[in-house]
Each structure stands twice: as C-alpha cells, then as structure tokens.
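J.: Structure for this input, please:
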Amino acid sequence: MDPRQITDRYAVSPQIDPEDAAALRDAGFTTVICNRPDAEVPPALQADAIGAAMRAAGLRFEVLPITHQTLTAENAARQAEIIAESEGPVLAYCASGTRSTFIWALGAAGDMSADDIVAAGAKGGYDLSPLRPTIEAMSARG
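T.: Residues are numbered from 1 along each chain as shown. Predicted coordinates:
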C-alpha cells in the first residue's frame with residue numbers, strides 16, 4: 001500500500017490488498033474507492049475480495065471502474081459525489097493511482113482552479129498537465 005495525498009480528504013494508491021484494510025482504517029480513511037476494473041487483476045485482488053475486507057474493517061467501499069473509455073464527465077461526477085458523501089478521508093486505487101487522480105481532477109473542475117488541480121496532482125506525484133485543457137473546458141461549462 002502506497003497512499004499518495006492529493007487533497008486533505010483524498011488520496012490515491014496503486015493496487016491495494018485485502019490485508020491493507022486495518023492499516024487504511026487506522027490511517028484514518030473512511031471510504032475506499034476501487035477504480036480498477038476486475039479484468040485487470042486476479043480474483044484475489046478483484047473488487048469483491050477487496051470490498052469484503054474493507055467492509056469487515058468498517059470502511060465504506062465503492063466500485064467505479066475507470067478505463068480510458070470510461071474517463072467521462074459522468075464518472076467524474078460520481079467520483080466527486082462519493083468523495084463528498086464520505087464521512088472522512090477517501091482512498092481511491094487503480095493500477096498506479098493515475099486513473100484515480102485523473103478522475104478526481106475531472107470531478108474537481110469547476111470547484112478548484114486548473115492551476116490548483118494540477119498542483120494537487122503534482123503533490124501526489126502525478127502529472128495532470130495533459131488534462132489542463134479538459135479541466136478548463138469542464139470548468140467553463142460549470
């Protein structure tokens with residue numbers, strides 16, 4: 001497990017294991033979002049296995065698989081909604097944390113400036129500059 005802080009309430013991580021549940025809870029996370037499609041991982045790391053462990057540890061678990069094709073405004077809004085509904089800090093994971101950062105960035109468009117979004121991604125080690133035009137366009141649409 002390698003959580004990378006993006007905002008005070010949102011962190012991302014490469015793939016997590018069911019055994020990470022207690023450590024995530026103890027680190028203060030209250031919600032875990034799986035942004036990784038099951039087809040990318042073996043059964044032991046699929047959403048059902050991870051979700052069972054997270055729920056057993058008292059964490060909320062949500063599944064929102066993201067691929068290049070599903071990196072949409074609708075999914076960005078759903079990710080933002082899950083984060084907003086969380087009672088505390090959220091950890092989202094995928095293969096490397098990149099998709100979880102990208103979907104957060106698109107969901108934050110309109111609430112934060114493009115500069116602040118790109119800076120938040122950089123703080124976590126993710127380059128969001130290629131998304132800047134999309135973030136600015138989504139912000140303009142409101």
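J.: ranges for the strands of the chain?
T.: For the chain, the strands defined by DSSP state E occupy 4-7, 10-13, 31-34, 60-63, 90-93.
J.: Can you lay out those strands as a markdown table showing distance to residue 110 and mean neighbour count?
T.: The C-beta positions use only the backbone N, C-alpha and C, and glycine is treated the same way. Shown next, in a markdown table, are the strands of the chain (distance: least, C-beta to C-beta, whole Å; neighbours: other C-beta atoms under 10 Å):
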| stretch | distance to residue 110 | mean neighbour count |
| --- | --- | --- |
| strand 4-7 | 15 | 19 |
| strand 10-13 | 16 | 25 |
| strand 31-34 | 20 | 25 |
| strand 60-63 | 22 | 18 |
| strand 90-93 | 19 | 26 |
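J.: Quick one: closest of these to residue 118.
T.: strand 4-7 (11.3 Å; C-beta to C-beta).
J.: pLDDT of the closest one, averaged?
T.: Regarding strand 4-7, the rounded mean pLDDT is 97.
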